[in-house]
Structures are given as C-alpha cells and as structure tokens.
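Colleague: sequence first, then the predicted structure, then my questions.
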Amino acid sequence: MGWWYRAASSIAKRSIRRNFYRGELSCYATRTSILPSTSRNFQTTVFKPKAQTAPVPHSVPLSRLADNFLDGTSSVYLEELQRAWEADPNSVDESWDNFFRNFVGQAPTSPGISGQTIQESMRLLLLVRAYQVNGHMKAKLDPLGLEVRKIPDELDPSLYGFTEADLDREFFLGVWNMSGFLSENRPVQTLRSILTRLEQAYCGSIGFEYMHIPDRDKCNWLREKIETSAPTQFSRKRREDIFDRLAWSTLFENFLATKWTSAKRFGLEGGETLIPGMKEMFDHASDLGVESIVMGMAHRGRLNVLGNIVRKPIRQIFCEFSGGVLPVDEAGLYTGTGDVKYHLGTSYDRPTRGGKRIHLSLLANPSHLEAVNPLVVGKTRAKQYYSDDVEREKHMGVLIHGDGSFAGQGVVYETLHLSALPNYTTGGTIHIVLNNQVAFTTDPKAGRSSQYSTDVAKAINAPIFHVNGDDVEAVVHVCELAAEWRQTFHSDVVVDLVCYRRFGHNEIDEPSFTQPKMYKVIRNHPSALEIYQKKLLELGELTKGDVDKIHQKITSILNEEFLASKDYVPKRRDWLSAYWSGFKSPEQISRIRNTGVKPEILKNVGKAITVLPGNLTPHKAVKRIYEQRAQMIETGEDIDWGFAEALAFATLVVEGNHVRLSGQDVERGTFSHRHAVVHDQTNGEKYCPLDHVIINQNKELFTVSNSSLSEFGVLGFELGYSMENPNSLVIWEAQFGDFANGAQVIFDNFLSSGESKWLRQTGLVVLLPHGYDGQGPEHSSGRLERFLQMADGHPYIIPEMDPTLGKQIQECNWQIVNVTTPANFFHVLRRQIHREFRKPLIVMSPKNLLRSKVCRSNLSEFDDVQGHPGFDKQGTRFKRLIKDRNDHSNVEEGIRRLILCSGKVYYELDDQRSKVDAKDVAICRVEQLCPFPYDLVQRELNRYPNAEVVWCQEEPMNMGGYTYVLPRLITSMKSIGRGGYEDVKYVGRAPSAATATGFLKVHQKEHVELLGKALQSEPINFPY
C-alpha cells in the first residue's frame, strides 16, 4: 500500500499547483443572485438575474487536504479496482484505466487525463465541505417565499471545474475520517447523485449550521444524522398525531379570535407548528431520560403553550379572558396584585407517548423580553442539585425566544455565557427561536447586524437548526434532533423556527403600516394546518372524514370549556405552580424564631472552618487570617465580619441547609475579607474549609463560586435557583453595590414584585457593598434609595407590631437592612432560614468596616445562652434597631438630641461624639429599614422625650434612606404626640446628581461638615 500513498500524495501536490478551473457547468452557470451575502432579512427586493463567471479558485495548502483519504473502505476499494484492472483493463472506467497505466509506467490511452481522478476527488471534497458549511444559505426557509439571499459561489460546481458532462461520471471520494455519506462503503459515486444528496441534506426545509463547532466528534455525529439518514418518513399513526397536535394549536387560536375579537392575546398564528414540535421534542426527551423540563418564554404563543403543552385548564384561560376573578379557598386569602394572562406560569405532570410522565413548569415572567432566561437556567440547576442529577440528564431547560429579542437583548448572551461554567451549567438548554421575521415593527435589517438572529449562539459553539415553519414534519424532526443533541452532548442547541406573524404585534395592531409587502403575502397565505392537511389528503394518509372528525372533536371540547369558564372560580393552587408545603403565605400567622446557636456547636464549627490541611501552602496573609480566626473562636472575642459570615454559613450547613454564594470575585471577596477558597501557593490547588464542616459533606452543600462578569444574568440565575427549594440560603453579591443596577430589571420586575404578581416566594439574599469613603461616584453607593422606593409598606399606617409575630415582615414585599455588627449580620442571614416563610433580603454590606477594630462582636452574641448579649425572652435574634451604646434608662430627659442613622456612619458619629464629649447626644442605629421598625423607633422617642430628632446619613439628601424614613418617622412621632415634619432634622450631604464626589479632598470636607453639624451644640436649623 505504500506506493498508493506516495502516488496519491504526488498527484495531490500536482493538483494543488494546477488551476482548478475547467469551464462552467451550464445548469449552474446562471443563477438568481441577489443581495450581498451579508443580507440578513427574509423579505427583500429581487434583482435581475445575471450570468456569473465562476472565479478561479485559490490554491489550498496541502496540509488542508492531507487527511488519510485512502483509509478504510477506500483503500480496499482501490485494491479491488487494481486487481480488476490487472485482470482486464476494460473492466474499469477509462479514467481509472489511465490512472493505473500512469503508475505502472504505461502510456495512457487518452493523453491529458492522467492523474485527473484524484485531483477531481480533491475538488469534489471541497464542494462537499462547501455544502456542509454554506448549504443553509440555499435552504428553503421562508414560508412566505420573500426570502432572497445570495447563493454562495462555493456551492456552484463550476467553481471546482465541473461541467454538465461530468454529472453522470463516477468520482472517487474517500472517507477522510468523517461521518456522513463520505463514510459509506461507496467511495465512488456519480456527481449527479452526490449533488442530489447534498441538496436534499442541506438545502431543503432545514438549514443546518454546525461547521463552526471545533469538536470533530460533534460534527461527525451531526453529519451522520444529516447526511446518512433517509428523508424522515413518519408512519401513518405518527402523522395523524402530528396533524391532531397541529389542529389543536390552530383551532385554539381561531377560537380565541372568534370569542374575543378585540382582546390582546399575542397569538401563535403563523407559527402554529411550534406546538407539535415542542410536544414531539418533550416526548423524545422523556424517552432519552428527561424527567422534568423548566420553560421560559415571552408572551407570543404563551397561552397556546399553557393550554396545549403545560395543560393549564382551558376553562381557566377562557375565564381570564373574560376578566377573571380572584382565587378563593379561604377567607382573607392573600392574592397579591395578579398579572395579565399572558405573563402567568403553571406546572403539570404530562403523560408522554412512551408511557412515561414528564413534569413541565413554565415560569411566570414580565413583558421584558428574555429577562426570564437566567431564571429558567438557575431553577433547572437547582432541580439537578436537589435530585442529585450529577449527569444533568433528568432536568432540562427550554427557552422560547423571539427573533428580534434573541439578537437584541444582552441578557441572551449573558445566559448563554453561563452554559459551560462549572457552577452554572445545566448540561445544555434547548433554545427555540420563534422567528416572525420582524420584531414589533422593525425589519431584521434594522434590528441586527448578523445574517441570522441566532448568530450569537455561535459564540458557545451551539449547533443551529433553521427550519421552515410551514413544514411541520421538518419542525418535528429538528425538535427531536435538538433533544438528542442535548442528551448526547449536554450542551446548548438552537432551533430557529422561521415562520411569520399573521396579525400585528398584538391582535389590535395594524402591521401593514410598516410591512405592507409582507402582509399582502400573509393575507393570502394558507395556514400550516391547511398545508399539512392537503399533503396528507393527497398522500392518502388521512381521509376527509378523518380530518372532519378531528376538527369536530377539538371544536366541541373548546366550546365545552368556554361554557365551563363562565362558572369557573380559580383556586390558589392554580397560581402557586410549586407550592412549598408548610410555608406560610402573608395572611397566615407566623411566629418569630430564635437564630442563636448552642455554644458548643459554634465552637466546633468554628474550629472546623479555621483549620487548614498540613500539606497546604497558603499565602502568608491568608494564613494569618485563618490563624486570627482560630484565635477568635478560642477566646470568643473580636469576631470580625468575614468570620461571622462564615459561622452563619457553617451553622446552617450543620443543620442540613444548602448554602450557595455567587457573584464576581466572591471566593476571595472584593475587599479580601472572605477567603472562602484558599489557594496553595506552590501548586495552585484549592481548598474550601466550608466544604468540610460535616463528615462526608456533599461537595455542593456549600457552594461558593466566582461568576462571570455579569449582573443581570447571574442575579437572575440565583433568583431562579432560590425559587426551587426554601431550605437553602442563596446569596448574590455585587462586586460593588454601585454595579447592581446592571440587573435592575431583575430587581424591578421579579424580586420586588414576584410574590405580589405571581404568589412565588423567594429567600434570595443580595449583598451590596455600600459606603462613602472617597472612592468616587461609582464605588460608593448600592443605591439604597431605589430599593426603599420599591418597598410596599404604607408610610402613614403603623401595622400590627406584636414582637412575637412576623406579620409585618410577612406582609411586606422585601427586607432591606444596613447592618453594623458582625453578630447582627450572622443573625439576619440565619433568620432567612429560621422562619416559616421566605422574603428577599437586600443588605447594604460594609467595606471599610470589614477590618475595623470597633466593628467586632463577641461569640456570646451568637449563642442562645440566657443572660448573654442579645438574648431576650424569645431567645437570641436579629436586632432591627440597636439602641445607644450607653446604658441609658427607660427615660432620659437630659438627652438634647437623638440621632437616628443607619450603616457605617454610626461609628464615625460615635467617634466624633467622644471627641467633642457630647454626652447629651444619643445615637441609635436603624439596622432594618424595611419593614420600618415603628415599635422600636417609638420606644427610643419615648426614652428621650426632650431630644431634638435628627436623621443623619452620609448619602446626598435625594439618596440614601432619608426620603423613605422621613414620612415613617413623622408617623411614629405623631402617634406619640412628638410633632411632625418640621420636628425632624436632616444631616447629610446636599442633593446631588452623582452619588458622590470624585475628589478626595471634597469628600473629606463634606464628611467633616456632616459630623460637625450632627454633633453641634446649638439646635439644627432644618429645613428652613
């Protein structure tokens, strides 16, 4: 065989040096060319066709063509050809006769043909590759027929020197270590058969993009599926099922359009094949081991998905169209504000064709397109953790996108970017782009710079299957293929369902204002159901009677559901898609629990998390931190912020709770205070002490993970994660609180209002480093005022304040704290778990207090021993307000000023008070701003009956807590007869556009003035 290899190599080298061009193939020479290859919209203007001269191809380096194309079946075939030729030269094709004559030194029978076979094979392989790379550009994707794209020159056989005379010649292909039809035991095929198969595989109703994937095994797997599979043939039974599902999708929309002609419903007309595609995908996924699917989608088609896939009662959907009624099942039930019908979610255990059941959940979401994406991925990851789905085969996420939003919304990339990160991966998400070929009114050419809306997915090497939405069988095929890919390679995959929107953005919108040409075509275009019905009738797969029977059955059920909707009364379980058994809603009484920990447990876990392995070589500074922590636990004194946090985590882990902390740089901590992960300085190995709190600890029971440089995506992920199971402390920490506004949509539309809109609780904790220390306008403020502004507590009504009940906090939408002691931070974290309900917690966490010698706590403040600091008749717990550090009696008439403040400014005020010896000034810390501690503020107001009341903050007047605290403080004062608005004095920075000055000297000057005014001996004149 050695001479064959040398011969082939010699011919290959000569062929590369030659000009490939031998003339045009007439049947391909003239094409309708149209628009530059960068065309990215499916409705464009057709230019006149013109003949094109195939350009001379550039030489290709031999290294690109040097695969072992004589391997395997090809070499066997050549040996058989050689033996046949030796026995009878006339038994082989003339080109092979000349080939063999050339190598044994005989004169060829046709001069000039010598060596052409291998050279042409090389060219043919380039043509095959061109179809694999660019065949999708020739695929028939647009159901409206408006798509006009330039067919790449690389798909023209004449470019490679082939003529019409070559169509029925046989060519040697070889195997090239590839899958697909190149690997078949047919290394010699006619050019006509090769082109026919390439056109069928790559240029039909499906356009495949996968050659950007650098993994050879993945590409070969797809080639095998695309090139060697016979055109998908469905049995009569399968086709009847597909038709039935398509009929349900279509007639459901038709029914809604008939009954509620002027209602917004964001129907699926034009993309009805989505429903049978998703159903077939889920059936196939179930057969491949998937047990539950978490879904997220926007409003278009949502009602159809809810009714036909997730099986939300159709009568309930109809009831919501008629205005809906509040859910009832007991007096005083908390119902929240509710939401529009096309934002709501639900869940259901759906039977599959294979006889299994698959749990489907569709998350509720706002109108902010794509915002739900990271929540779906986070919830999926949590399901995998709680079910020990290490291989990530049982739980899967499916996201349905719009074409405009998939290309335009940054959170799409932020979510894609998480797909392969160790602590965020879910083993692949299936993305379905419901491609209307238009956004609200914006054409693709104005909405994206790329060829396809799905091009962003190439960044993570996801395969993309473009499919004509009118070809329901093609849609079903790619949906099943997507499920197979996900279960085989555990990575993301995209289905681009190219369809259209029969009506406007909503049903009462007029799309012809902006897309007249498109909608002229749409008005006369048959539905996918009509197209498929016609096909099945022509094939004889269904009779007219079969079709009528299916239509009548569906219409009858829809009418029955419509009648039932008139008397339908929703129950709470319809709104609570995953009700947490035993957890209480805001109208149910819940008692406050102790958060202290037994001293022996504190000592034991404290020792466990301060011991580093003997073979670990930590950085000397980190080693010193752990030595100091060991000393803290030994003496029980001077516990700092970082260690208090670690003790909170460790004690929750000991109690069996899952703790997860993520965000930018959280393993070390932005300010080097945490060091939850210790790096060996010699070999780079990592050690996490909190992974070793209990024996045989699950490696994910405590998870701390640096995230990608994303706020929107990562916060959304953690929110989704926290919603799955209440017995977990899930925390997201911003690098600086200032950067949290990159995730404002999550705060505004999910975290602050999710329980009210959708009755979904979450105990997510958000840590926002906050504090003014001269670092400028982007490193000073966690924007406390924005979170307080979204709080729903009434500023002029004092709620029931029974200290043993959690009623006030149960009825608020979230908690906002600005904590000043390590012990209080410990308790507020533990409080998130030790209660019978869940609420989001926003923490304005400190920066320079992390190492402050005065910001320390003793271990006795963490335990549950009676008589220790912080213990009262209910036990040890979080302090919503910390009274003045001086041992004041219940009534102190000699105090001339009561300063209320929050956060680190307390320590600066206290230090200034000592300097000026202002013993007649009391300083109280409001640790919990929301819900407002009316009872404790009233207690302090009564303690100091003659004191001037001051609110002091380091933020500008239009920021920080002032505008939130002021009306609530006035309400507290009026309730005990202490005056009103003019009796509350303000000390802080003046109103400002920027959060802080960028000049250190200005900052220092403002700070000195602030402290001086707060502690001045004369009364404070404010506001006049």
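Modeller: Cool, the structure landed. Numbers count the residues shown, from 1 in each chain.

Colleague: element containing the residue nearest the centre of the chain?
Modeller: Residue closest to the average C-alpha location in the chain (Cα atoms, centre = their mean): residue 374, at 2.0 Å. In the assignment (DSSP states H and E), residue 374 maps to helix 373-386.

Colleague: paired strands for the following helix or strand past that helix, with orientation please.
Modeller: Next in sequence after helix 373-386, counting helices and strands by DSSP H and E, comes strand 395-402. Within its sheet, and counting by DSSP bridges, strand 395-402 is paired with strand 292-297 (parallel), strand 429-435 (parallel).

Colleague: and the shortest one with helix 373-386, angle?
Modeller: Note on geometry: by axes from the mean of the first three to the mean of the last three Cα atoms, to 10 degrees, strand 292-297 and helix 373-386 are set 170 degrees apart in direction.

Colleague: one step back: now render the strands paired with strand 395-402 as JSON lines, adding mean neighbour count.
Modeller: For glycine as for every other residue, the C-beta is placed from the backbone atoms N, C-alpha and C. Shown next, in JSON lines, are the strands paired with strand 395-402 (neighbours: other Cβ atoms under 10 Å):
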{"stretch": "strand 292-297", "mean neighbour count": "26"}
{"stretch": "strand 429-435", "mean neighbour count": "26"}
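
Colleague: out of those, which gets nearest to residue 917?
Modeller: Of all those, it is strand 292-297 that lies closest to residue 917, at 60.9 Å by Cβ to Cβ.

Colleague: export that closest one as CSV, just CAs?
Modeller: Coordinates of each C-alpha in strand 292-297 appear next as CSV, following Å, rounded to 0.1, in the frame of the first residue of the first chain:
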residue,chain,number,x,y,z
SER,A,292,-38.7,17.4,34.1
ILE,A,293,-38.5,20.5,31.9
VAL,A,294,-38.4,24.1,33.0
MET,A,295,-39.6,26.5,30.4
GLY,A,296,-39.4,30.3,29.8
MET,A,297,-40.9,32.3,27.1
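
Colleague: distance from the chain centre to that strand, please.
Modeller: Offset of strand 292-297 from its chain centre (Cα atoms, centre = their mean, to the nearest Å): 11 Å.

Colleague: do stretch 879-891 as well
Modeller: 46 Å.

Colleague: what about that stretch, start to end distance?
Modeller: With Cα to Cα, to the nearest Å applied, stretch 879-891 spans 21 Å between its terminal residues.

Colleague: average pLDDT for that stretch?
Modeller: What stretch 879-891 shows for mean pLDDT is 92.

Colleague: list the buried residues for the helix holding residue 374?
Modeller: Under the neighbour-count criterion of 16 or more other Cβ atoms under 10 Å, helix 373-386 has 373-385 buried.

Colleague: does residue 825 count as helix, strand or coil?
Modeller: helix (DSSP: H, G, I helix; E, B strand; the rest coil).

Colleague: enumerate every residue touching it.
Modeller: 641, 644-645, 648, 819, 843, 845 (Cβ atoms under 8 Å, 6 or more residues apart in numbering).

Colleague: can you give me the pLDDT of it?
Modeller: If you check residue 825, the pLDDT there is 97.

Colleague: just residue 27 next, same as before
Modeller: 35.

Colleague: repeat for residue 494
Modeller: 98.

Colleague: isn't there a strand covering it?
Modeller: Yes - counting by three-state DSSP, residue 494 falls inside a strand.

Colleague: gap between it and residue 155?
Modeller: 23 Å (Cβ to Cβ, to the nearest Å).

Colleague: so those two - more neighbours on which side?
Modeller: residue 494 (29 against 22; other Cβ atoms under 10 Å).

Colleague: contacts only, for the more buried one.
Modeller: Contacts of residue 494 by Cβ under 8 Å, 6+ apart are 431-433, 454, 457, 462-465, 482.

Colleague: returning to that earlier point: same question for the helix holding residue 374, mean pLDDT?
Modeller: For helix 373-386, the per-residue pLDDT averages 96.

Colleague: same question for stretch 617-637.
Modeller: pLDDT averaged over stretch 617-637 gives 96.

Colleague: starting from the host helix or strand of residue 208, tell me which strands it pairs with and how they run.
Modeller: Using DSSP H and E, residue 208 sits in strand 206-209. When pairing is defined by DSSP bridges, strand 206-209 lines up against strand 464-468 (antiparallel).

Colleague: what's the first helix or strand after the partner strand?
Modeller: From strand 464-468, the next helix or strand downstream (DSSP H and E) is helix 472-489.

Colleague: can you list the buried residues in that following helix?
Modeller: In helix 472-489, counting by 16+ other Cβ under 10 Å, buried: 472-487, 489.

Colleague: may I have it as PDB, with CA atoms only?
Modeller: Provided in PDB are the C-alpha atoms of helix 472-489 (Å, rounded to 0.1, in the frame of the first residue of the first chain):
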ATOM      1  CA  VAL A 472     -44.500  20.700  10.300                       C
ATOM      2  CA  GLU A 473     -42.600  17.400   9.800                       C
ATOM      3  CA  ALA A 474     -39.300  19.200   9.400                       C
ATOM      4  CA  VAL A 475     -40.100  21.100  12.600                       C
ATOM      5  CA  VAL A 476     -40.800  17.900  14.400                       C
ATOM      6  CA  HIS A 477     -37.600  16.400  13.000                       C
ATOM      7  CA  VAL A 478     -35.300  19.200  14.200                       C
ATOM      8  CA  CYS A 479     -37.100  19.400  17.600                       C
ATOM      9  CA  GLU A 480     -36.400  15.700  18.100                       C
ATOM     10  CA  LEU A 481     -32.800  16.200  16.900                       C
ATOM     11  CA  ALA A 482     -32.300  19.000  19.300                       C
ATOM     12  CA  ALA A 483     -33.400  16.800  22.200                       C
ATOM     13  CA  GLU A 484     -31.000  14.100  21.100                       C
ATOM     14  CA  TRP A 485     -28.100  16.600  20.800                       C
ATOM     15  CA  ARG A 486     -28.800  17.900  24.300                       C
ATOM     16  CA  GLN A 487     -28.900  14.400  25.900                       C
ATOM     17  CA  THR A 488     -25.900  13.200  24.000                       C
ATOM     18  CA  PHE A 489     -23.500  16.200  24.400                       C
END
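
Colleague: so what secondary structure elements neighbour that helix?
Modeller: Applying 3 or more Cβ pairs under 8 Å, 6 or more residues apart in numbering; DSSP states H and E, one finds that helix 472-489 makes contact with strand 206-209, helix 216-223, helix 236-259, helix 274-287, strand 429-435, strand 464-468, strand 493-498, helix 528-539.

Colleague: pLDDT at the residue nearest to residue 241 when sequence neighbours are not counted, what is it?
Modeller: Leaving out its chain neighbours, the residue that sits closest to residue 241 by Cβ to Cβ, 6 or more residues apart in numbering is residue 353, at 7.5 Å. Note on residue 353: pLDDT of 88.

Colleague: how far away is residue 353 from residue 361?
Modeller: Distance from residue 353 to residue 361, by Cβ to Cβ: 20 Å.

Colleague: more neighbours: these two, which one.
Modeller: residue 361 (21 against 14).

Colleague: the more buried one against residue 292, yeah?
Modeller: Yes - using Cβ atoms under 8 Å, residue 361 makes contact with residue 292 at a distance of 7.3 Å.

Colleague: low-confidence ranges, the stretch 251-400 of the chain, go.
Modeller: When residues are selected by pLDDT under 70, those of the stretch 251-400 of the chain lie in 262, 323-344.

Colleague: kindly recompute the last result at 50.
Modeller: Applying pLDDT under 50 to the stretch 251-400 of the chain picks out residues 330-333.

Colleague: next: the stretch 101-250 of the chain.
Modeller: Checking the stretch 101-250 of the chain against pLDDT under 50 turns up 111-116, 175.

Colleague: which residue ranges of it form helices?
Modeller: 116-134, 191-202, 216-223, 236-259 (DSSP state H, counting those that start in this stretch).

Colleague: the strands in the stretch 601-750 of the chain, which residues?
Modeller: With strands called from DSSP state E, counting those that start in this stretch, the stretch 601-750 of the chain shows them at 658-663, 678-679, 686-687, 702-706, 728-733.

Colleague: buried set for the first one?
Modeller: Residues 658-663 are the ones in strand 658-663 that count as buried (16+ other Cβ under 10 Å).
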